[in-house]
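>>> From the sequence below, what's the structure:
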Amino acid sequence: MSKRILDFDYQLGRLFGDLIYDYDNIESVDGLYDIIFLHREGLQDNFEDVKKYTKSNSKIICDITTESGNIDNYLNTLTEISSNEPFDFHLIVDTDISDYLEKNNPNFKCLSGYDLGIYAFTNQNSDSKTYVGGTVQKNTNTFLSYNGSMRTNRILFLLELIKRDINYSHPNTTSFLFYQSNKKFNQKEWQQFLEGVYENSYPKYVFTKEDWNILKSVDMPITTDIHEFGYIPNEVDGSYEPILNVVTENTHGFEKDEDLSKYDITTFTEKTIKPFLARQIPLFIGPPNLERELRKLGFDLFDDVIDYSFESIESNYRRFYKKMDELERLLKIDLVSFKKENIERFNKNRRLIYTLSNSAFNKLNNFVENTFS
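Below you'll find the predicted structure:
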C-alpha cells in the first residue's frame, strides 16, 4: 500500500518535485497521514494543528533548506518537540549541524549538507529558482551588491560606501540596491527604519548622530538598470557585469541579539551562490566562517587577488572594516584583465554549483527510497 503524504506548508515541491508526485496539501487534507512535510512555521508555530493529521507512527519531515537563519532556535524547538512526541522526526537542512548533534544528541534523524541548499535554489521546481539567463555579459571593473531587506550589515555597508566616497551608483550599473519582497523601498520606510536604529542604540557599535544624519540624507529607492524598476529577479543576467560582487548575507553577527549560531553552524542563502553562477569574484559580508565552508565545498575564492587576512579577525566589526579596506583596494586593480586570463577558474566555480546540485538530488533520491519504504 502506498504511503499517504501531506504537504502541510506547501514546501514539498521545492526539493521533492521530481521525486514525489501523489500527496495532499492543507486545502485537500483528508484523514490521517503516514508522512507529513513541514517547513519552519509548521513546527514552530502550528504543530498542534499538524498533530490532527498524524498517526502514532507518522513520519514528520522538517525541511528548512533556504530558511535556516537563526537556526539554534529552530533546532532547540525541534529537539524539544521530538523528545516529547512519538513520531519519527527527520530534519532536512542546508548546512552542517554535526556540532549541535554531538552536543545535544536529539531525537531526530538528519539529512544535511550545503549541496541541499544549492539544489533548493537551483532546481526547476524551486519556488525561487536562481538561474543563469541568456544575456551575454560584459565585464566592468566596478562592484555589484544586490541587497534584500534592511539589515544591520547592509546599513553599515552603505554608510561606509558614503564615508569612503565610493561611488555606489555608476551610470547604467547600480552597485548597491535595497529591495524588499521585490518592491522598491520608499523614503518613508527608510526613515522609519533609521529612526528605530538610532533610538534603540542599535547595532552594538557606536552609531553616532552624524552616521544617522548621513544615512537619513540618502534618497530611496536606490535604483538599478534592469527591466523592471525596483525588482530583482533571481535570473543572473546582464546586470551582473561588474567583476566584484559584494554579498551581504542575511546572517552576519552584527545584531544586538546575536544572530550567529553557538554551535559552529554557518548558513548562507542564494545570494552566496549568485556570484559563482555569474562568474564574478565574491566578497562576503556575512557570518565569520563562510569563506572556510565555501573552500571546503571546492570553490575558488581567488586568494591570489583578495587578501583574506581578515578571516583571522574575531571581531565582526573589525573584520567588516578590513573587508571595506579590501574593497577599496580591489577597485583599483584591473580585474577585467585578470578574469580574461583566468576565465577557466570562473567557469569551474559555475560548474561546481551544478555538480553540488546533482549530488544533492542523489541524496534526496536515496532519502525517499529509504524513508518511504
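>>> name the helices or strands packed onto the longest helix along the chain?
If you go by DSSP state H, the chain has its longest helix at helix 343-371. Contacting helix 343-371 under the criterion 3 or more C-beta pairs under 8 Å, 6 or more residues apart in numbering; DSSP states H and E are the following elements: helix 12-16, strand 109-112, helix 114-122, helix 270-277. In this view, the C-beta of every residue, glycine as well, is placed from N, C-alpha and C.
>>> Let me know which of those is tucked in deepest.
Across the helices and strands packed on helix 343-371, the average number of neighbours (mean count of other C-beta atoms under 10 Å) peaks for helix 114-122, which reaches a mean of 25.
>>> Quick one: distance of the very next helix or strand once past it to the chain centre.
In the C-terminal direction, the helix or strand that comes right after helix 114-122 (DSSP states H and E) is strand 131-132. Here strand 131-132 is found 16 Å from its chain centre; the criterion is C-alpha atoms, centre = their mean, to the nearest Å.
>>> Can you say which of the helices and strands packed on helix 343-371 is nearest to residue 38?
For the helices and strands packed on helix 343-371, the distance to residue 38 is smallest for helix 12-16, at 9.7 Å, taking C-beta to C-beta.
>>> Give me the contact list for that closest one.
Judged by C-beta atoms under 8 Å, 6 or more residues apart in numbering, the contacts made with helix 12-16 from elsewhere in the structure are 5, 7, 20, 23, 37, 63, 65-66, 92, 116, 119-120, 123, 125-127, 364, 368.
>>> quick one: buried residues of the longest helix of the chain?
Buried residues in helix 343-371, counted by 16 or more other C-beta atoms under 10 Å: 346, 349-350, 352-353, 356-357, 360-361, 363-364, 367.
>>> Can you give the contact residues for the longest strand anywhere in the chain?
For the chain, the strand that runs over the most residues, judged by DSSP state E, is strand 54-63. Residues external to strand 54-63 that are found in contact with it (C-beta under 8 Å, 6+ apart): 11-12, 14-15, 32-39, 42-43, 50, 78, 86-92, 108, 371.
>>> Likewise for stretch 71-84?
Residues from elsewhere that reach stretch 71-84, judged by C-beta under 8 Å, 6+ apart: 40, 43-44, 47, 62, 64, 68, 89, 91, 93, 95, 97, 100, 104, 106-108, 261-263, 265, 267.
>>> Quick check, central residue of this protein?
residue 269 (1.3 Å; C-alpha atoms, centre = their mean).
>>> what sits against that residue?
With contact taken as C-beta under 8 Å, 6+ apart, residue 269 is in contact with 66, 69, 117, 121, 249-250.
>>> could you redo those residues as a markdown table and give each row distance to residue 165 and pLDDT?
Supplementary listing: these in a markdown table, determined by distance: C-beta to C-beta, whole Å; pLDDT from 0 to 100:
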| residue | distance to residue 165 | pLDDT |
| --- | --- | --- |
| 66 | 37 | 87 |
| 69 | 33 | 82 |
| 117 | 37 | 96 |
| 121 | 35 | 94 |
| 249 | 25 | 93 |
| 250 | 28 | 89 |
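>>> Including distance to residue 310, could these go into TSV?
Output for the contacts of residue 269, formatted as TSV (distance: C-beta to C-beta, whole Å):
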residue	distance to residue 310
66	27
69	22
117	24
121	26
249	15
250	20
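>>> Of those residues, which is the nearest to residue 167?
For residue 167, the nearest member of these is residue 249. The distance, counting by C-beta to C-beta, is 23.3 Å.
>>> just checking, the closest one touches residue 284?
Yes. Using C-beta atoms under 8 Å as the test, residue 249 is close enough to residue 284 to be in contact (6.5 Å).
>>> which residues are common contacts for these two?
Common neighbours of residue 249 and residue 284, counting by C-beta under 8 Å, 6+ apart, are 272, 290.
>>> Work out for me the element the closest residue to residue 307 other than its chain neighbours sits within.
Residue nearest to residue 307 in three dimensions, not counting chain neighbours: residue 326, with 5.8 Å by C-beta to C-beta, 6 or more residues apart in numbering. With secondary structure defined by DSSP H and E, residue 326 is part of helix 316-330.
>>> What are the boundaries of the strands in this structure?
Counting by DSSP E, one finds strands in the chain at the ranges 5-7, 24-25, 33-38, 54-63, 88-93, 109-112, 131-132, 140-147, 169-170, 173-174, 176-178, 235-236, 242-248, 281-285.
>>> and these as a markdown table, adding distance to residue 320?
As requested, the strands of the chain are exported to a markdown table (distance: least, C-beta to C-beta, whole Å):
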| stretch | distance to residue 320 |
| --- | --- |
| strand 5-7 | 40 |
| strand 24-25 | 43 |
| strand 33-38 | 35 |
| strand 54-63 | 32 |
| strand 88-93 | 27 |
| strand 109-112 | 28 |
| strand 131-132 | 30 |
| strand 140-147 | 14 |
| strand 169-170 | 22 |
| strand 173-174 | 22 |
| strand 176-178 | 15 |
| strand 235-236 | 26 |
| strand 242-248 | 10 |
| strand 281-285 | 6 |
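>>> Residue 332: how many residues sit nearby?
Counted with other C-beta atoms under 10 Å, residues neighbouring residue 332 total 8.
>>> Phi, psi for it please.
Residue 332 has phi and psi values of phi -100, psi 0 when expressed as degrees, to the nearest 10.
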